[in-house]
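Student: give me coordinates for this.
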Amino acid sequence: MYIILYFFRLSRIFCFIIPSLVMFLVIPYAYVHMDSFPINRMLQPKENNEAQIFKNTLARMQNILRASKQARGRSREKSCDTEIALLRNRSVKEFGTSPVGLSVNYTAIGGTNWNFNTSIRCSNITSSNFPQRKKNRHQNLPKCDAEYVKLDNLERMNDSYPLFGSRDNCIRKKINTFCKTDLVVPNIVHFIWFGNLKFDFIYFVAMYGAFKHQNPCVIFVYYDILPSGEYWTLLLDVVPNIILVSVTPPSEISGRKIIYVQHKSDILRLLILKEYGGIYLDTDQLLLRSVDRFRNKDCTMGWAPDLSIGSALILAKKQSSFIRRWIESYASYNPKLWGGNSVLMAAKLAIQYPTLINVENHYCLFYPDPVNYYNHNYKWSHSYSLHIFKQGKMEQMKAMNFKSIRKLNSTLGAVFRYILFGNKELCL
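Tutor: Here you go, the predicted structure:
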């Protein structure tokens, strides 16, 4: 009898504990992955067709890439061509003509030999003999009065640069007067430089690459502490249309203190694009070709490897509706969430308002996985731009220079040679 009562009580305990454990484990998972639960989809309001197509396409893209990677163990895709082929292995109707279709008709760059074992005789370029570097180089810089703006030659070797505020009328006049365009996005490039960092070789290559491949009307560099050093001096000597803009980084938004300097940059880039429009680039974003084909769209961004939207490259027209909604989202800013209002919010808004933004659907166009950069070569023949993802690699980055990249047999070595020398092959 006592044995029967013992098992009866034990069963009651297990009947209470096991469901509790299940609820404890499942509810948090369901909250994080709520979109995958059918009941949640039933309770949610019905979305418009474009947004639903967008979400479904992204889910299929992720599943295709995940299955491909699992089939080869832990290996990663090392070719943009292969990644495109994987995603194109769907119906033409689904990927070719839908509002979220995948475009692959990009002109290949980098030549036809992608074996990465060919050496050629490269230009012997150094900081001191850079082809465009000249003594007494003249810089065309704007001077403004209350009525108009004009360009004056400034001899950089003897004069200092004029400084402008972040919302200076002179900047607006400069753009309106000298950067007129028939496209909705003006051909101007914006960089942000916050903090007392050393201006290393990689930043020179990034800014010079934007000048070389985009040929912008003007390049604005917004800074709180002016960069300095060998490569900064070289940049000013070889890029004639840089305008320096002194700014105070935002310290709070929506009544909340901004903790991370990266969040300050996230906010400022949106305010800049709203005010002037143009092309925003991170200082570790390497532009490999012109992005003019996207300048007739109100706003363009690209998917990152984790299916957030990368914010290191943004094209937007002045007063872009998507940028304005993005700025408005900071009303719910959480300073402790790393990407909550930046890359994750951009993805959320893109799904919510698909007609306000052109999202290039596959990350190989802008953001291949960072594992492809340092230990092997990635075929970037159809890429527009690469984000370096330098976290944890800064010592390796600091060691790079005109000499070391000549025989650096990796994606970064090939890309740096392509931007500086005009070819990706190893140097003799």
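
Student: how about the CA coordinates for the helix or strand harbouring Lys348, as CSV?
Tutor: Element membership of Lys348, judged by DSSP states H and E, is helix 343-352. Only the C-alpha atoms of helix 343-352 are listed here, as CSV (Å, rounded to 0.1, in the frame of the first residue of the first chain):
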residue,chain,number,x,y,z
VAL,A,343,21.5,46.6,-38.8
LEU,A,344,18.6,44.7,-37.1
MET,A,345,16.2,47.6,-37.3
ALA,A,346,17.1,48.1,-41.0
ALA,A,347,16.1,44.5,-41.7
LYS,A,348,12.9,44.9,-39.8
LEU,A,349,12.0,48.1,-41.6
ALA,A,350,12.9,46.6,-45.0
ILE,A,351,10.4,43.8,-44.4
GLN,A,352,7.8,46.2,-43.1
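
Student: quick one: mean pLDDT over that helix.
Tutor: Averaged across helix 343-352, pLDDT comes to 90.

Student: that helix: which residues count as buried?
Tutor: Val343, Met345, Ala346, Ala347, Lys348, Leu349, Ala350, Ile351 (16 or more other CB atoms under 10 Å). In this view, the C-beta of every residue, glycine as well, is placed from N, C-alpha and C.

Student: dump those residues to a markdown table, plus distance to Ser385.
Tutor: Shown next, in a markdown table, are those (distance: CB to CB, whole Å):
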| residue | distance to Ser385 |
| --- | --- |
| Val343 | 16 |
| Met345 | 21 |
| Ala346 | 16 |
| Ala347 | 18 |
| Lys348 | 23 |
| Leu349 | 21 |
| Ala350 | 18 |
| Ile351 | 23 |
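
Student: which one of those is nearest Tyr280?
Tutor: Nearest to Tyr280 out of these is Ala346 (CB to CB; 12.4 Å).

Student: find the nearest non-adjacent residue to that closest one, please.
Tutor: Ile309 (3.9 Å; CB to CB, 6 or more residues apart in numbering).

Student: could you tell me which residues make contact with that neighbour?
Tutor: For Ile309, the contacting residues are Met301, Gly302, Trp303, Val343, Ala346, Ala347, Ala350, Val359, by CB atoms under 8 Å, 6 or more residues apart in numbering.

Student: could you export the residues you listed to CSV, including columns for distance to Pro250?
Tutor: Converted to CSV, those look like this (distance: CB to CB, whole Å):
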residue, distance to Pro250
Met301, 21
Gly302, 25
Trp303, 27
Val343, 18
Ala346, 18
Ala347, 23
Ala350, 24
Val359, 26
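
Student: before we move on, the earlier item: and after the helix holding Lys348, which helix or strand comes next?
Tutor: Heading C-terminal from helix 343-352, the first helix or strand you meet, by DSSP H and E, is strand 358-360.

Student: direction included, what does that following strand pair against?
Tutor: strand 299-303 (parallel) (DSSP bridges).

Student: average pLDDT for the following helix or strand past the strand it pairs with?
Tutor: Using DSSP H and E, the helix or strand that directly follows strand 299-303 along the chain is strand 309-316. On average, the pLDDT along strand 309-316 is 93.

Student: what are the pairing partners of strand 309-316, and which direction each?
Tutor: In the sheet, strand 309-316 lines up against strand 278-281 (antiparallel), strand 299-303 (antiparallel) (DSSP bridges).

Student: farthest pair in the contacts of Ile309?
Tutor: Using CB to CB, the contacts of Ile309 span at most 12.2 Å, a distance reached by Val343 and Val359.

Student: Leu337 - how many residues pack around it?
Tutor: For Leu337, the count of nearby residues is 12 (other CB atoms under 10 Å).

Student: confirm it sits in a helix?
Tutor: No. Assigned with DSSP: H, G, I helix; E, B strand; the rest coil, Leu337 falls outside any helix and is coil.

Student: would you check how far apart it and Leu344 are?
Tutor: 8 Å (CB to CB, to the nearest Å).

Student: same check on Ile405?
Tutor: Per CB to CB, Ile405 is found 34 Å from Leu344.

Student: circling back to that earlier point, partners of the residue nearest to Ala346 in the sheet?
Tutor: Trp303.

Student: so Asn377 touches Asn409, yeah?
Tutor: Yes. Contact criterion CB atoms under 8 Å: Asn377 and Asn409 qualify, at 7.1 Å.

Student: the more surrounded of the two?
Tutor: Neighbours were counted for Asn377 and for Asn409 using other CB under 10 Å; Asn377 has more, 21 against 12.

Student: which residue packs closest to the more buried one, ignoring adjacent ones?
Tutor: Among residues not flanking Asn377 along the chain, Phe116 sits closest, at 4.4 Å (CB to CB, 6+ apart).

Student: Ala304 now?
Tutor: Ranked by CB to CB, 6+ apart and with sequence neighbours excluded, the top spatial neighbour of Ala304 is Gly310, at 4.1 Å.

Student: tell me how many other residues crowd the one you found.
Tutor: For Gly310, the neighbour count with other CB under 10 Å is 24.

Student: does it touch Thr300 like I think?
Tutor: No. Using CB under 8 Å, Gly310 is not in contact with Thr300, being 11.4 Å away.

Student: residues touching the spatially closest residue to Ala312 that is not a sequence neighbour, list them.
Tutor: Distances taken as CB to CB, 6+ apart put Asp282 closest to Ala312, at 3.8 Å, once the chain neighbours are dropped. Going by CB under 8 Å, 6+ apart, Asp282 touches Phe191, Ala206, Ala312, Leu313, His387.

Student: which parts of the stretch 201-350 of the chain are strands?
Tutor: Ranges of strands within the stretch 201-350 of the chain are 218-223, 242-246, 252-253, 256-257, 278-281, 285-287, 299-303, 309-316, based on DSSP state E, counting those that start in this stretch.

Student: with the contacts of Ile309 in mind, which one is nearest to Gly195?
Tutor: The closest of these, once distances to Gly195 are taken by CB to CB, is Val343, at 20.5 Å.

Student: just give the nearest non-adjacent residue to that closest one, would you?
Tutor: Excluding its sequence neighbours, the residue lying closest to Val343 (CB to CB, 6+ apart) is Ser308, at 3.9 Å.

Student: packing partners for the helix holding Lys348?
Tutor: With contacts defined as 3 or more CB pairs under 8 Å, 6 or more residues apart in numbering; DSSP states H and E, the secondary structure elements packing on helix 343-352 are helix 49-71, strand 309-316, helix 321-328.

Student: and the angle for it with helix 321-328?
Tutor: Relative orientation of helix 343-352 versus helix 321-328 (axes from the mean of the first three to the mean of the last three CA atoms, to 10 degrees): 130 degrees.

Student: sweet, I'm off.
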